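In: Take a look and give me a structure for this.
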Amino acid sequence: MDADAKFAMVHRAIEIGHPAHGYLIVGPVRGAALTFAERILQTLFCRETVRPCGACEGCRRVTTRLEPDIHWIFPEKKSRIISVEQIRENLIREVTQTALSGGWKAGVLVGADRMNDASANTFLKTLEEPPEKTIFLLLCENPQSLLPTVVSRCQRIDLDLFRDLEEPWKSRVLEILASPLWGQTLENLALSSALAAILGEIKEEAERRVREETKQSAAMVEEDDDVLEARVSSRYREMRADFQLTLLRWYRDLMVLRAGGDPGVVFHKPWLEVLRERAARLPLDRTFANLGFIEDSVRQMERSIPDDTVLAYTLDRIDHGVV
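Out: Predicted coordinates for the structure are as follows:
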């Protein structure tokens with residue numbers, strides 16, 4: 001199901017007056033997830049008969065963040081965390097007031113996976129019993145970092161299928177994963193080091209992009225070094241998520257093929273023959289274990305364990321299906 005079909009389901013729920021209280025939108029928070037959220041918000045606040053028109057004052061107020069009944073929550077500048085204070089003061093207090101327009105109210109958490117346990121638990125109480133005509137949109141790239149109780153109370157919309165690691169990094173990562181040298185400790189270390197080097201390049205590019213944006217935005221000029229560093233770190237995590245997704249898809253492909261799944265659902269079709277050969281050498285339970293190791297590595301990197309350490313440890317544990 002593509003993004004338009006998924007949006008059509010949400011649109012219909014809004015039109016009949018029964019949308020979910022919360023939607024967990026998984027995808028790039030600067031890209032597909034934000035675009036999807038804006039389409040939902042325009043449907044709620046559009047002033048035309050056929051919604052969303054994308055051109056009326058209501059729709060424009062959504063995209064320019066000027067609609068007073070939409071409350072946007074972002075990670076704080078330096079900590080890159082959504083704090084308890086933000087949830088209480090900038091979200092809960094606002095959505096419990098009467099809507100200025102007399103219609104819908106919305107809370108949008110951009111980077112919802114940046115809530116800590118305290119802020120997530122505080123938000124959970126309102127998510128469980130939201131005010132009337134109130135909808136919450138949670139945008140995130142790492143839903144595994146959210147409290148399971150928050151996830152379970154939202155309707156999840158995955159847009160990950162529309163994400164991908166940029167070139168030339170993607171091709172290089174896949175070439176390394178397809179290497180016939182996997183299997184021995186020294187070779188594993190060398191190959192994981194090559195992957196870590198790609199992450200180093202991605203981090204440098206993240207810094208370059210943030211600094212370029214800073215030059216182009218007068219509002220950013222006054223940011224101190226700590227804030228700039230936090231913005232670089234945040235952008236790097238976003239780009240690193242696509243690197244991690246490439247690894248997850250590789251080991252998911254192995255699992256699908258070993259389980260007898262349709263090759264048509266394989267993500268990395270240009271590498272289908274290599275994947276088939278590897279999958280044939282792996283016990284099914286090992287393919288599940290491999291995928292679990294990669295998922296664990298995502299969580300470990302979020303805990304600020306050095307990326308190269310995580311990669312070396314994880315990829316040495318994996319059975320790569322190489323003779």
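
In: Look at E229 and give its secondary structure.
Out: At E229 the chain is in helix, as set by DSSP: H, G, I helix; E, B strand; the rest coil.

In: Correction: the previous question concerned T246.
Out: Three-state assignment for T246 (three-state DSSP): helix.

In: Skip the chain neighbours and tell me the closest residue to it.
Out: Among residues not flanking T246 along the chain, L165 sits closest, at 4.7 Å (CB to CB, 6 or more residues apart in numbering). Glycine gets a C-beta too; all of them are placed from N, C-alpha and C.

In: Please work out how many residues are found near that neighbour.
Out: 23 (other CB atoms under 10 Å).

In: Run through the residues that contact it.
Out: Residues near L165 by CB atoms under 8 Å, 6 or more residues apart in numbering: 173, 242-243, 245-246.

In: give me the number of residues near A118?
Out: When neighbours are counted by other CB under 10 Å, A118 comes out with 12.

In: Report the contact partners of it.
Out: V84.

In: could I get the contacts of L165 as CSV with neighbour count?
Out: Compiled in CSV, the contacts of L165 are given as follows (neighbours: other CB atoms under 10 Å):
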residue, neighbour count
V173, 20
D242, 19
F243, 21
L245, 20
T246, 20
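
In: now, which of the residues you listed sits nearest V322?
Out: Using CB to CB, V173 is the member of those that lies nearest V322, at 16.8 Å.

In: Phi first, then psi, for that closest one.
Out: Per-residue torsions, V173: phi -60, psi -40 (degrees, to the nearest 10).

In: thought it was touching A197?
Out: No. The pair V173 and A197 fails to qualify as a contact (CB atoms under 8 Å) at a distance of 10.9 Å.

In: Output stretch 73-85 as CSV, nothing but the C-alphas.
Out: Output of stretch 73-85 as CSV, limited to C-alpha atoms (Å, rounded to 0.1, in the frame of the first residue of the first chain):
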residue,chain,number,x,y,z
ILE,A,73,6.6,20.1,19.6
PHE,A,74,10.2,19.7,18.6
PRO,A,75,13.2,18.4,20.5
GLU,A,76,14.9,21.1,22.5
LYS,A,77,17.8,22.8,20.8
LYS,A,78,20.7,21.6,23.0
SER,A,79,19.5,18.4,24.5
ARG,A,80,17.6,17.2,21.4
ILE,A,81,15.1,15.8,23.9
ILE,A,82,11.3,16.5,24.2
SER,A,83,11.1,17.3,27.8
VAL,A,84,8.4,16.9,30.4
GLU,A,85,8.0,20.7,30.6
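
In: what comes up buried for that stretch?
Out: 73-75, 82-84 (16 or more other CB atoms under 10 Å).
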